[in-house]
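1. turn this into a model:
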Amino acid sequence: MAVRTVRGDMPGEELGHFQAHEHLVVRPVLPGGGNAELTVDDFDLSLKELDLYRQAGGGSLCDAQPGGCGRDAGWLAGLSRRSGINIIASTGFHKLEYYPPGHWIEDRGEDELAGLFQREVTQGMEEVGDGLDSGNGPDPGGGQVRAGVIKAALDRDGLKGPYPRLLAAAARASVTSGAPILCHTERGAGALELVRFMDGLGVKRERLILCHLDRRADNPGFHQEVAATGVYLEYDTIGRPKYHDDQEEIRLISEMVETGFEDRLLLGLDTTRARLKAYGGRIGLDYLLTVFLPRLAAEGLSGSILTKLVRTNPARAFEIKPAWRPLGG
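-> The predicted structure is shown next:
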């Protein structure tokens, strides 16, 4: 079982504590700079945040920012080397509101996008750093700085507009590269429809990670229905009173465990500038380790269950599977 980090492939069981959806680098790309709370663009502060995470027991994480809307592959490689934290980077696409007008994501066809996403997993990502590290050059293991997951997104209207084209490209790249798909949802809107759509494109359900369903924590039956399909549910509405308090999150997780779905759950914090300590934010990358996991334990979740949520499950979910065939092959 191997996962693909920006410093090369490694056994999934060596990831240690893993957070499945974070943001370490988000450069501004929108006119006027976009939302300042979402901009994470200071290398030294991001490195400081990773050092705090490592000191708390963190070992690895997934950076969920795809190319073309603020990702920097070189910075991610440099941050990983200098902090010792294993980072899985993302190719793919995000919601279209995060791209400037006229961006190439709007015009490229399914074939071209699928090829790009596959190459970023198998050969190397496109962006380079600005001199703080070696950019997209060889990593210490002798390979290119490659993505290890394919980011995708659904908007609140589900499979409409350009999203079927973009999702089909992500699906094809997943099948051919062996990388899983990490899909943004708007509180789970369109989740079951997405599972069926991906079925038709040959994506195995255990290759699909659905994000943010826990922003609606008041309907555990829906969560159980989605989890029963065999996909992973990535929960990151933790330390986010905008949506609900941590106690409601704990109730949801506890109920999912009690109904037998602990093998389908992943945890993260979906960090932004406003949530990173080094940037003056509220909670920090270490919040799961120092606050939330101890609270789950105090509510009765066993150590073996917690290990599944932040170690065993991520090692399986982010595994690179052997590719069926390269695009064009």
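2. all helices of the stretch 151-300 of the chain, in order?
-> 163-177, 191-200, 220-227, 246-258, 287, 293-298 (DSSP state H, counting those that start in this stretch).
3. tell me which of the ones you listed lies nearest to residue 83.
-> Among the helices of the stretch 151-300 of the chain, helix 287 comes nearest to residue 83, with 17.4 Å by C-beta to C-beta. From N, CA and C alone the C-beta is placed, and that goes for glycine too.
4. still on that earlier bit, tell me which of the helices of the stretch 151-300 of the chain sits most buried.
-> A comparison of those by mean neighbour count, using mean count of other C-beta atoms under 10 Å, puts helix 163-177 on top with a mean of 23.
5. give the contact list for residue 42.
-> With contacts taken as C-beta atoms under 8 Å, 6 or more residues apart in numbering, residue 42 has the following neighbours: residue 279.
6. rerun that using 10 Å as the cut-off
-> When contacts are counted by C-beta atoms under 10 Å, 6 or more residues apart in numbering, residue 42 is found next to 25, 48-49, 273, 276, 278-279.
7. how about CSV for the helices of the stretch 151-300 of the chain, with distance to residue 74 and mean pLDDT added?
-> CSV is the format used below for the helices of the stretch 151-300 of the chain (distance: least, C-beta to C-beta, whole Å; pLDDT from 0 to 100):
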stretch, distance to residue 74, mean pLDDT
helix 163-177, 21, 97
helix 191-200, 31, 96
helix 220-227, 36, 97
helix 246-258, 35, 98
helix 287, 27, 98
helix 293-298, 32, 98
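8. for residue 106, find the nearest of those.
-> Between residue 106 and the helices of the stretch 151-300 of the chain, the shortest separation by C-beta to C-beta is 9.8 Å, and it involves helix 163-177.
9. what packs against that closest one?
-> For helix 163-177, the elements it packs on are strand 90-92, helix 110-122, strand 149-153, strand 181-184, helix 191-200, judged by 3 or more C-beta pairs under 10 Å, 6 or more residues apart in numbering; DSSP states H and E.
10. so which of the ones you listed gets nearest residue 294?
-> Using C-beta to C-beta as the criterion, the shortest distance between residue 294 and the helices and strands packed on helix 163-177 is 26.6 Å, found for strand 181-184.
11. buried ones in that closest one, by neighbour count?
-> By 16 or more other C-beta atoms under 10 Å, the buried positions in strand 181-184 come out as 181-184.
12. need the max-distance pair from those residues.
-> Most distant of these, by C-beta to C-beta, are 181 and 184, 10.6 Å apart.
13. what is in contact with the two at once?
-> When C-beta under 10 Å, 6+ apart defines a contact, the residues bordering residue 181 and residue 184 alike are 92, 151-152, 210.
14. pLDDT value on the nearest residue to residue 4 once chain neighbours are set aside, please?
-> Excluding its sequence neighbours, the residue lying closest to residue 4 (C-beta to C-beta, 6 or more residues apart in numbering) is residue 148, at 3.4 Å. Each residue has a pLDDT score; the one for residue 148 is 98.
15. contacts only, for residue 148.
-> Under the criterion of C-beta under 10 Å, 6+ apart, the neighbours of residue 148 are 2-6, 9-10, 62-63, 86-91, 120-121, 177-180, 182, 318-320.
16. could you redo the last one with a cut-off of 6 Å?
-> Residues near residue 148 by C-beta atoms under 6 Å, 6 or more residues apart in numbering: 3-4, 88.
17. for residue 80, same thing?
-> Taking C-beta under 6 Å, 6+ apart as the contact definition, residue 80 lies against 6-7, 87.
18. okay, strands next: where are they in this structure?
-> Taking DSSP state E as the criterion, the chain carries its strands at 2-5, 8-11, 17-22, 58-63, 86-88, 90-92, 149-153, 181-184, 208-211, 232-235, 265-267.
19. JSON lines please, covering these and showing distance to residue 37.
-> What follows is the strands of the chain, written out as JSON lines (distance: least, C-beta to C-beta, whole Å):
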{"stretch": "strand 2-5", "distance to residue 37": "27"}
{"stretch": "strand 8-11", "distance to residue 37": "33"}
{"stretch": "strand 17-22", "distance to residue 37": "15"}
{"stretch": "strand 58-63", "distance to residue 37": "17"}
{"stretch": "strand 86-88", "distance to residue 37": "22"}
{"stretch": "strand 90-92", "distance to residue 37": "20"}
{"stretch": "strand 149-153", "distance to residue 37": "19"}
{"stretch": "strand 181-184", "distance to residue 37": "17"}
{"stretch": "strand 208-211", "distance to residue 37": "18"}
{"stretch": "strand 232-235", "distance to residue 37": "21"}
{"stretch": "strand 265-267", "distance to residue 37": "22"}
